[in-house]
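> Would you be able to build a 3D model of this:
(one chain, ligands or ions: 1)
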Amino acid sequence: MIEVIGLNKQFSNNVVFKNYNQVFSDQKLCIEAPNGHGKTTLLMMLAGLDKPQSGSLLFAGRELNEPTKTVAIASDRITLPDFLTAHQIIDLSVSAIDCPWPHDLVKGFSFTAFLNTRFDALSSGNQKKCQLILALMRKSPYLLLDEPSAALDQTSIEHLLQLLDVYLNDKPNGQIIITCHEPAVFIEHGFKCVSL
Ligand SMILES: Nc1ncnc2c1ncn2[C@@H]1O[C@H](COP(=O)(O)OP(=O)(O)OP(=O)(O)O)[C@@H](O)[C@H]1O
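Numbering: from 1, shown residues only. Okay, the predicted model is just below:
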């Protein structure tokens, strides 16, 4: 369970969260809100990649000292070293977190042919696949996916849904939180929608 308590976040004069409180208790959740309401910003803070001005973010009742060890995120907001190839970027992550090379994910997303393409030369759908591979390979108990189906082709969306169907099987206390403007397919796969 993730609890957000008294969250305040603003970018200069733009107040995005003002004393925001929320409990995310379902294991598979889809956060819905109009553009610009702070979905990505919230995911970035939950992943420890952005800081609130004040407030608490509790995972199973406690704050995380090192969120990147238990929370994996895929988001366009995260800037990758786009002068590297996808293969090189995946290599860097594999070394950093000491996990096996994600052969099955690469094959499952039909990404093999694009491994030697520089990230900045990948199509938006293939950039999204690379982000998803980088997040999914961590096998973290908390998985945050920011608009995971955006730009993906139908076959890849179906593959993603199959992966998410079983993702939590070995993570009884885990959670998957996504943001999505077209949640119908995720609802069919057990996601519960919650407004921001
Ligand atoms: N790094 C930043 N610097 C300044 N303002 C930012 C920054 N990141 C986000 N914002 C602002 O914070 C607000 C929330 O943005 P955010 O991207 O979190 O919304 P969102 O709900 O994810 O939107 P969308 O549905 O369009 O993806 C917006 O007003 C945005 O302009």
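
> buried stuff in stretch 56-66?
Residues of stretch 56-66 classed as buried: 57, 59, 64 (neighbour count, 16 or more other CB atoms under 10 Å). For glycine as for every other residue, the C-beta is placed from the backbone atoms N, C-alpha and C.

> Wait, a helix at residue 126?
Yes. Secondary structure assignment places residue 126 in a helix (DSSP: H, G, I helix; E, B strand; the rest coil).

> how near is it to the ligand?
20 Å (CB to the nearest ligand atom, to the nearest Å).

> Then residue 139?
25 Å.

> give the contact list for that residue.
Neighbouring residues of residue 139 by CB atoms under 8 Å, 6 or more residues apart in numbering: 72, 99, 171.

> Show me where this structure has its strands.
Along the chain, the stretches classed as strands by DSSP state E are 2-11, 14-24, 28-32, 54-59, 71-74, 142-146, 175-179, 192-195.

> which residues sit against the last one?
Which is strand 192-195. If you take CB under 8 Å, 6+ apart as the criterion, strand 192-195 is touched by 22, 24, 26, 28-33, 183, 187.

> Relative to the ligand, which of the strands of the chain is closest?
With CB to the nearest ligand atom as the measure, strand 2-11 is the member of the strands of the chain nearest the ligand (3.4 Å).

> The closest one near the ligand at all?
Yes. Counting by CB under 6 Å from any ligand atom, the ligand is contacted by strand 2-11 at residue 11.

> okay, the angle between that strand and strand 54-59?
Here strand 2-11 runs at an angle of 150 degrees relative to strand 54-59 (axes from the mean of the first three to the mean of the last three CA atoms, to 10 degrees).

> List the buried residues for strand 2-11?
By neighbour count on 16+ other CB under 10 Å, the buried set for strand 2-11 is 2-4, 7, 9.

> that older thread, switch the buried residues of stretch 56-66 over to CSV; also include distance to the ligand and pLDDT.
Listed next are the buried residues of stretch 56-66 as CSV, based on distance: CB to the nearest ligand atom, whole Å; pLDDT from 0 to 100:
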residue, distance to the ligand, pLDDT
57, 15, 97
59, 20, 96
64, 20, 93
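
> nearest to residue 90, of those residues?
Lowest distance from residue 90 to the buried residues of stretch 56-66 (CB to CB) belongs to residue 64, with 24.7 Å.
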